[in-house]
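K.L.:
for reference, the sequence and a predicted model appear below.
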Amino acid sequence: SYDLTQPPSVSVSPGQTATITCSGDGLAKYFVSWFQQRPGHAPVTVIFKDNQRPSRIPDRFSAAVSGTRVTLTISGVQAEDEADYYCQSVDISGAWRFGGGTKLTVL
Amino acid sequence: VQLVQSGGGVVEPGGSLRLSCEVSGFIFRDAWMVWVRQAPGKGLEWIGRIKSESDGGTVDYASPVKGRFFISRDDSKNTLFLQMNGLETEDTGVYYCTTALRWGQGSQVTVSS
């Protein structure tokens, strides 16, 4: 089982907006990151420190935190965005906590 | 920034393996480093973390691997290590080193008789 809750799947058409949620106790206390993982590849960090985007990540990726829920938003979804997405935070000891992952399907 | 992993392979239950993660492109000695694994068809699982020496070099482990896995670092070689002992079939998966911003390419570990 996973400490953070994500929907198993999200489907959108190209050009639409995908929204992936992540919920769990304590999310408002610690930074949240989001990782993208395409099949057969290592994860890639798309968001860190709640809403910061690494320079190599397109600006269509954004995230927001509201209480115990965080949301990853991908605007203008492209076929290459099809992947599994994981949210991650930490607990009071600093141990990482993961969501179970959300499979984004681009129709 | 690059994290290049080596090691891994097939081992029988009870055996040992050591993974390495050589980094470049950033100041390794200042980085807190993490190991994450992924069982076949499953999600990501945190294994443990080692702090920088300047922050005490403390190592913390997830419960399933505590006492069997050991994380260390050689700052002179910009390399992170994961020593895995007493391997179990449930340890099978792909192992990743990460700084949280960058990830290694992964190392396959298969525990099977």
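P.N.:
Done, it's in.

K.L.:
helix/strand/coil for the closest residue to chain A within chain B?
P.N.:
Closest contact between chain B and chain A, by CB to the nearest CB, is at B:Trp46 (3.7 Å). C-beta coordinates here come from the backbone N, C-alpha and C atoms, glycine included. Here B:Trp46 is recorded as strand under DSSP: H, G, I helix; E, B strand; the rest coil.

K.L.:
same question, the one 3 residues further on
P.N.:
Under three-state DSSP, B:Arg49 falls in the strand class.

K.L.:
so who does A:Gln6 touch?
P.N.:
A:Gln6 makes contact with A:20-22, A:85-87, A:99-102, according to CB atoms under 8 Å, 6 or more residues apart in numbering or on different chains.

K.L.:
next, count neighbours for the closest residue in space to the residue of chain B closest to chain A that isn't next to it in sequence.
P.N.:
Leaving aside its sequence neighbours, B:Trp46 sits nearest to A:Trp96 (CB to CB, 6 or more residues apart in numbering or on different chains; 3.7 Å). As a burial measure, A:Trp96 scores 22 neighbours (other CB atoms under 10 Å in any protein chain shown).

K.L.:
right, and A:Trp96 touches A:Gln88 too?
P.N.:
Yes - counting by CB atoms under 8 Å, A:Trp96 does reach A:Gln88; the two are 5.7 Å apart.

K.L.:
neighbours of B:Ile50, how many?
P.N.:
24.

K.L.:
identify the bridge partners of it.
P.N.:
Counting by DSSP bridges, B:Ile50 forms beta bridges with B:Met33, B:Val59.

K.L.:
show me what contacts it?
P.N.:
B:32-33, B:57-59, B:71-73, B:80.

K.L.:
quick one: the strands in chain A?
P.N.:
A:9-12, A:18-23, A:33-37, A:44-47, A:61-66, A:69-74, A:83-90, A:96-98, A:102-106 (DSSP state E).

K.L.:
can you redo the ones you listed as TSV with distance to B:Thr99 and mean pLDDT?
P.N.:
Below are the strands of chain A laid out as TSV (distance: least, CB to CB, whole Å; pLDDT from 0 to 100):
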stretch	distance to B:Thr99	mean pLDDT
strand A:9-12	28	97
strand A:18-23	21	97
strand A:33-37	11	98
strand A:44-47	9	98
strand A:61-66	19	94
strand A:69-74	20	96
strand A:83-90	13	97
strand A:96-98	13	96
strand A:102-106	23	98
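
K.L.:
got CSV for the ones you listed, with distance to B:Glu22 too?
P.N.:
Listed next are the strands of chain A as CSV, based on distance: least, CB to CB, whole Å:
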stretch, distance to B:Glu22
strand A:9-12, 36
strand A:18-23, 32
strand A:33-37, 22
strand A:44-47, 19
strand A:61-66, 29
strand A:69-74, 31
strand A:83-90, 24
strand A:96-98, 22
strand A:102-106, 32
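
K.L.:
what parts of chain A come near chain B?
P.N.:
Residues of chain A found near chain B (CB under 8 Å from any CB of the partner chain) are A:2, A:33, A:35, A:37, A:42-45, A:48, A:54, A:84, A:86, A:88, A:93-101.

K.L.:
pull out the buried residues from the residues you listed.
P.N.:
A:2, A:33, A:35, A:37, A:42-45, A:48, A:84, A:86, A:88, A:95-101 (16 or more other CB atoms under 10 Å in any protein chain shown).

K.L.:
right, I'll leave it there.
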